[in-house]
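K.L.:
Give me coordinates for this.
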Amino acid sequence: MHIDETQLESFIADSGLISKEDLQAAKVVASEKRQKLGEVLVSRGSLSEDDLRRMHAYILGIPFVDLKNQKLDFTVLSLIPEPIARNHNIVAFRKTDDALEVAMLDTEDLTAIDFVKKKVGLKILPRLTDDESMKWALMSYQKTLKAEFGDIIRKEAGTLGPAKDRAEGEEIDPGELKKLAEDIPVVRIVDTLLKHAILQEASDIHIEPEEAQLLVRYRIDGILRDAMVLPKSTASGITARIKVLSNLKLDEKRMPQDGRFKITAEGEQVSFRVSTLPTYYGEKTVMRLLRENAAGFTLEGLGFHGNGLEDLHRAMKLTTGMILATGPTGSGKTTTLYTMLDLLNTPRVNISTIEDPIEYQMPRVNQTQVRPEIGFSFANGLRTLVRQDPDIIMVGEIRDNETAGLAINASLTGHLVLSTLHTNSAAGAIPRLLDMKAEPFLLVSTLNIVIAQRLVRRLAANKTKYFLSKEELDNMGKTISLDRMLALLKREKVIGEADTWDKVPFYKPVVSPETPDGYQSRIGIHEVLRVNAAVKELIMKGATAGEVEEQAKKDGMMTMIEDGIFKAAQGTTSIEEVLRVVSE
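P.N.:
Take a look at the predicted model:
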């Protein structure tokens, strides 16, 4: 299975894919660094890895297979467990009576071939494939599992007997509820439902009782979608099971309850924040999924760039002052603050937080949960935190005048304070703080940066390119200044200096079985308001949010909708998605 270097060199020379000069230069580097010629050509960008694999397949006489868009039989695919398939890039795609054809990125991986041979007891026929085919095959595991989970839930729901007829308002005995929660079909339904949601990358699960059925919905990429409909008879058992997991009172149905629990699925630890609410047809349960090991975010990965990114990094180097993240619920404010904390988290600083709830556990960070029911509020917690010798404080949310005053005072007395605020724009945070009785002279001394953000859905890979018509351009001109937007795109080097709108590409989603609406995952659109001397002067004069925003734009701030159009021109999202989110 080994490829002779001379044979490869001869084949590359004959193919004409690379010039003789480039081939000779690569040979010199390969000799000096004692590397393979193919590796050097790939590292220099002369060949792609897939080109090299196709050459290897031809030289070795091994068939090359393209699995993209092929429907793979799950009974064959599952002959190789998914973890092995992922770790060794080997998938089974065709089976005969005595042989199994496997697609691989490296046919010299004898360990993987031997493992599969021992497991299935068949002759193994290795085939080379490319990266895209391997991704498609590995994704097929997930697609089939989704369907399988749905079948399991429906099957188990069918094994439950019909709900007992009860008089209106009759309570179920707590002992009976506990027994119901431990019923094997109910346990399987709930376990499978949770794993299904994790697999779908849902952020929330809604379990909603209706007159004749139980509706399960998942929020995926910010959009609530129907996941499945279950018989009404499953409602009390599922609710009881979730209450047992989250240590809630089984017999309390008239009052809302809150709790949380954790599970480990696919090696990933996921925390579920549970809320129950009495409704006309029974208790509605909503669970927020928090992936606890979802670390490693970067500000760039969240969607920050250009001047805004530089301003943020500059503010994070300061030892005092305030950084605020604003936006509606579910706009990613907490993730932005956690990412900043992760960057600031070094052995030389003491970081303390006061949160409601604690969404991610962070090493070396002292995290405190507020408990309003016993009088432990943000204000009380913050008052105590400043006596704990912190360098950096994160306050989950500034909700009232007292918390606002304490946060400003903390930032004034030698602490860097990070917090969130519910406003629609970055400039809107200033009048909001003034409404909370913050003194203007204290604000100008402490406020460094205000971020406003929303989350937009990312376009999937199979998107289509188009250019705006005159009518579409005129419509967009009603929302933003076209001249200013074009200048911003040139500043960010998305287009050339001489380009006009007819040269700016945009993209539309393409529906496919993997991405039913053409979108996959989300990214933030932001505006980063730097409180400079000009903005401070406006605050002291009592200027409106509009006047502050105009000044910030003059100073180079890109507004949220402009950042959205910027990301649409990059092909990250669509104009329609940006307008949907910003207008919400």
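K.L.:
Quick check: which ranges of the stretch 151-300 of the chain have low pLDDT?
P.N.:
For the stretch 151-300 of the chain, the stretches with pLDDT under 70 are 151-152, 154, 156-175, 266-267, 292-296.
K.L.:
quick one: the helices in it?
P.N.:
Counting by DSSP state H, counting those that start in this stretch, the stretch 151-300 of the chain has helices at residues 174-181, 184-199, 235-245, 299-302.
K.L.:
nearest to Lys135, of those helices?
P.N.:
Evaluated over the helices of the stretch 151-300 of the chain, closeness to Lys135 peaks at helix 184-199, with 16.6 Å, by CB to CB. All C-beta atoms are positioned from the backbone trio N, CA, C, and that covers glycine.
K.L.:
centre of the chain versus that closest one, how much separation?
P.N.:
Distance of helix 184-199 from its chain centroid, counting by CA atoms, centre = their mean, to the nearest Å, is 22 Å.
K.L.:
now stretch 421-437
P.N.:
Offset of stretch 421-437 from its chain centre (CA atoms, centre = their mean): 27 Å.
K.L.:
out of the helices of the stretch 151-300 of the chain, deepest packed?
P.N.:
Comparing these by mean neighbour count (mean count of other CB atoms under 10 Å), helix 235-245 comes out on top with a mean of 23.
K.L.:
Could you export that helix as CSV, CA atoms only?
P.N.:
Output in CSV follows, covering the C-alpha atoms of helix 235-245 (Å, rounded to 0.1, in the frame of the first residue of the first chain):
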residue,chain,number,x,y,z
ALA,A,235,-48.1,14.2,29.8
SER,A,236,-48.3,13.5,33.5
GLY,A,237,-45.5,10.8,33.4
ILE,A,238,-43.1,13.0,31.4
THR,A,239,-43.7,16.0,33.7
ALA,A,240,-43.3,13.9,36.8
ARG,A,241,-40.0,12.4,35.4
ILE,A,242,-38.6,15.8,34.6
LYS,A,243,-39.6,17.0,38.2
VAL,A,244,-37.8,14.0,39.7
LEU,A,245,-34.6,14.8,37.7
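K.L.:
who does it touch, helix- and strand-wise?
P.N.:
Judged by 3 or more CB pairs under 8 Å, 6 or more residues apart in numbering; DSSP states H and E, helix 235-245 is in contact with helix 174-181, helix 184-199, strand 204-209, strand 257-265, strand 268-279, strand 282-291.
K.L.:
Contacts for that helix, please.
P.N.:
Counting contacts by CB atoms under 8 Å, 6 or more residues apart in numbering, the residues outside helix 235-245 that touch it are 160, 163, 172, 177-178, 180-183, 185-187, 189-190, 193, 207, 209, 214, 230, 248-250, 257, 259, 261, 272, 274, 276, 282-283, 285, 287.
K.L.:
where exactly do the strands run in the stretch 451-584 of the chain?
P.N.:
Using DSSP state E, counting those that start in this stretch, the strands assigned to the stretch 451-584 of the chain run over residues 464-467, 505-508, 519-530.
K.L.:
Looking at those, which one is packed in the most?
P.N.:
strand 519-530 (a mean of 23).
K.L.:
avg pLDDT for that one?
P.N.:
The predicted model assigns strand 519-530 a mean pLDDT of 94.
K.L.:
Alpha carbons of it, as PDB, please.
P.N.:
Only the C-alpha atoms of strand 519-530 are listed here, as PDB (Å, rounded to 0.1, in the frame of the first residue of the first chain):
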ATOM      1  CA  TYR A 519     -29.500  27.900   7.500                       C
ATOM      2  CA  GLN A 520     -27.200  26.200  10.100                       C
ATOM      3  CA  SER A 521     -26.100  27.600  13.500                       C
ATOM      4  CA  ARG A 522     -25.900  31.300  14.400                       C
ATOM      5  CA  ILE A 523     -23.500  34.200  14.700                       C
ATOM      6  CA  GLY A 524     -23.800  37.600  16.300                       C
ATOM      7  CA  ILE A 525     -24.300  41.000  14.700                       C
ATOM      8  CA  HIS A 526     -23.000  43.800  16.900                       C
ATOM      9  CA  GLU A 527     -22.500  47.500  17.400                       C
ATOM     10  CA  VAL A 528     -19.700  48.500  19.700                       C
ATOM     11  CA  LEU A 529     -20.000  52.000  21.200                       C
ATOM     12  CA  ARG A 530     -16.800  53.400  22.500                       C
END
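K.L.:
Dump the strands of the stretch 451-584 of the chain into a markdown table; add distance to Asp22 as well.
P.N.:
Formatted as a markdown table, those follow (distance: least, CB to CB, whole Å):
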| stretch | distance to Asp22 |
| --- | --- |
| strand 464-467 | 31 |
| strand 505-508 | 31 |
| strand 519-530 | 37 |
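K.L.:
Thanks a lot, catch you later.
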